[in-house]
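# Kindly generate the corresponding structure for this input.
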Amino acid sequence: MLIRILSAGVITAIVAGLFSLWVSFSNNKRLVKLEKSRQRFEIEQKQFKSLQEAYVELLSILPYNEKLAYRIYNEQFEENTLLKAYEIAVDNSGKLYSHYQRYCFLLLADEQEKFNNVIEKTDKIVEEIEFLCIEIEDILSSDIIMHEESKKIVESIEKINEKKAELVKEYIMQEIQLEEMYYEIYVDRLTALSKVEEGK
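Next up, the predicted model:
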């Protein structure tokens, strides 16, 4: 009888020990999950704060009312509309690119790729425009222009200017796309991170 009581006690102790081991293992697993969740939350908080600061700076260097699409739509350029829009586009592109260089580490890889692709397109367009400007300068700087050739030269310059105007329009459209895309990246990321923070 004593042996049965002892063996029942041993079995109970073993079962209690196994149950205790299982409980501690489960608790450890939960603690690890909680720690990972806490770390992820802290990282997301830091990302949110950094993105917010970057967005505030973006709004200060290029407010909505200075974006190219807004200015083209709301301002009445008295003359040389295309030239004025082009100058604004070049200026805004410089501001965006400067901002991007400082804060690109906050963006996801696909967001960086999108931005870089549009920048690459706009850079190629600017190169083509500059090449056409040089071509016009070369034509105009030739020393001797015969009277018979002057008509052909004027026609050549007009064709080059037409091509240049098309490229300028394309550049302006790319710049509008770049500005909208860059703003959307920040708004979308901040919205997503703020929902995560609300859910915590």
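# elements contacting the host helix or strand of V154?
Assignment of secondary structure by DSSP states H and E places V154 within helix 147-199. The elements that helix 147-199 packs onto, with contact taken as 3 or more Cβ pairs under 8 Å, 6 or more residues apart in numbering; DSSP states H and E, are helix 2-61, helix 68-74, helix 81-103, helix 109-140. Bear in mind the C-beta positions are built from the backbone N, C-alpha and C, glycine included.
# how big is the angle separating it from helix 109-140?
170 degrees (axes from the mean of the first three to the mean of the last three Cα atoms, to 10 degrees).
# before we move on, the earlier item: tell me which of the helices and strands packed on helix 147-199 lies nearest to I176.
Among the helices and strands packed on helix 147-199, the nearest to I176 by Cβ to Cβ is helix 68-74 (4.7 Å).
# before we move on, back to that, can you say which of the helices and strands packed on helix 147-199 is packed in most?
Highest mean neighbour count of these: helix 81-103, a mean of 16 (counted as mean count of other Cβ atoms under 10 Å).
# what distance separates that one from the middle of the whole chain?
Computed by Cα atoms, centre = their mean, to the nearest Å, the chain-centroid distance of helix 81-103 equals 14 Å.
# Can you lay out the helices and strands packed on helix 147-199 as JSON lines showing mean pLDDT and distance to L167?
Formatted as JSON lines, these follow (pLDDT from 0 to 100; distance: least, Cβ to Cβ, whole Å):
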{"stretch": "helix 2-61", "mean pLDDT": "79", "distance to L167": "26"}
{"stretch": "helix 68-74", "mean pLDDT": "86", "distance to L167": "16"}
{"stretch": "helix 81-103", "mean pLDDT": "91", "distance to L167": "10"}
{"stretch": "helix 109-140", "mean pLDDT": "89", "distance to L167": "5"}
